[in-house]
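sharing a sequence plus its predicted fold:
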Amino acid sequence: MQLAQLQGHLQQQGLPPLICVFGDTPLLIDDAMQLIRQQARQQGIDERQRFIQDGQFDWGQLQIDSVNLGLFSSLRLIEVELPEAKPGREGAEALKRYCAELPDDQILVLTGPKLKQEQLKAKWFQLLQAAGPVVQANSPERRQLPQFIQQRAQRYQLSIDSTATQLLADWFEGNLLALDQELQKLALMDAPQPLTPDFITEAAQDQSRFTVFALQEAILQGDLSNALRRLQRLLEEETEIAILNWMLQREVHKLQQLQQRQLTTKDLMSLGIWRNQEGAYRAFAQRLQPEHVARLHQLLVRLEFAFKRDSGEHLATLYCHALVLLCQPQRDPKFLSTCYG
């Protein structure tokens, strides 16, 4: 079952004794849980327990709680998070026993990350699938993202025009939590609707912090001084390094694709390059030679080592080198050569 189907399913059939929510996006898993909890309240379930499968978790609690609930004639919602979606041998056996005799006065909700192929084939999952609905809470594909943004905007009584929707899709692809936060901020502004790209861009620039997407825009325009200022602000605000690295990796990948083959408009959109950005990105690709992109790949590897393995290199210096390469690679070849020694 897709997440979009969950609300209608609950309204028509109510909560089943067992329901699972697996997905690759915490925001959407939380959306599913909010719907389930709301339905539980409507069914008179006012008590909830939440567990996380860790070293101290006892799978026997599922059976004990079920017995206790029967004694006290109380309804309860039991939530169990499987952080790695691996219940282990003990958990698999406990789930097998639980599925064989589902209690009438207890709702069990299992949550976890998106399942891999081997997990989908596992006996414990097949038993769960047979015993109750499994909700897929996965991030929408790129082509589905504009529609997702429109639906999310409606939740906050926002109307956004199609070009602005595409702009948000480009900014927030792969980061739905940041997208949701941005939509909530826009909803608090007294702005004429539908919102336009100019308004959204101005609103982002008016915020007290420089976003990763503002840095991305400066890189695209080849504005080195502005890019360096925005980088400095991001580092001062302790922006998540993983997001910075992700943005740079994505931009280098776009450059590589643009330089390696002729791309159609459809190809460009699959990379997250919209019609109004085509000219800027083609100029961006012409600004850098293939050897510059190859050097950037080396630099990104060093950034990953500095971030994840504490290689000893200074992250801010590596980022500055990357920005020089991206914005003005011809500026100082001698300086650039020191980036790769």
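Good, I have the coordinates. Here the structure is a predicted model, which means the values were calculated and not measured. Residues are numbered from 1 along each chain as shown.

okay, CA-based contacts and neighbour counts for the rest of this
Noted.

what ranges does the stretch 101-250 of the chain have for its strands?
With DSSP state E, counting those that start in this stretch as the definition, the stretch 101-250 of the chain shows strands at residue ranges 106-113, 134-136.

what about the spatially most central residue of the chain, distance to Met247?
With the centre of the chain defined as its mean C-alpha position, the nearest residue by CA atoms, centre = their mean is Asn175, 3.8 Å away. Distance of Asn175 to Met247, computed by CA to CA, to the nearest Å: 11 Å.

would you map the helices across the stretch 101-250 of the chain?
117-120, 123-131, 145-155, 162-172, 176-188, 197-206, 212-221, 224-236, 241-260 (DSSP state H, counting those that start in this stretch).

between the fifth one and helix 145-155, how big is the angle?
The reference is to helix 176-188. Taking axes from the mean of the first three to the mean of the last three CA atoms, to 10 degrees, one finds that helix 176-188 is oriented at 40 degrees with respect to helix 145-155.

I would like the residues contacting helix 176-188, please.
Surrounding helix 176-188, the residues in contact under the criterion CA atoms under 8 Å, 6 or more residues apart in numbering are 25, 27, 139, 152-153, 156-158, 168, 172, 200, 203.

if we can go back for a sec, mind checking pLDDT for the residue nearest to the centre of the chain?
Reported pLDDT at Asn175 in the predicted model: 77.

that older thread, rank the helices of the stretch 101-250 of the chain by pLDDT, which is bottom?
Mean pLDDT is lowest for helix 197-206 out of those, coming in at a mean of 78.

pull the distance from that helix to the chain's centre.
A distance of 22 Å separates the C-alpha centroid of helix 197-206 from that of its chain, computed with CA atoms, centre = their mean, to the nearest Å.

let's see it as PDB, backbone CA atoms only.
Output for helix 197-206, consisting of C-alpha atoms alone and laid out as PDB, is shown next (Å, rounded to 0.1, in the frame of the first residue of the first chain):
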ATOM      1  CA  PRO A 197       9.700  31.900  -8.200                       C
ATOM      2  CA  ASP A 198      10.700  35.600  -7.600                       C
ATOM      3  CA  PHE A 199       8.900  35.700  -4.300                       C
ATOM      4  CA  ILE A 200      10.300  32.300  -3.100                       C
ATOM      5  CA  THR A 201      13.800  33.300  -4.100                       C
ATOM      6  CA  GLU A 202      13.500  36.700  -2.400                       C
ATOM      7  CA  ALA A 203      12.000  35.000   0.700                       C
ATOM      8  CA  ALA A 204      15.000  32.600   0.900                       C
ATOM      9  CA  GLN A 205      17.400  35.500   0.600                       C
ATOM     10  CA  ASP A 206      15.600  37.400   3.300                       C
END
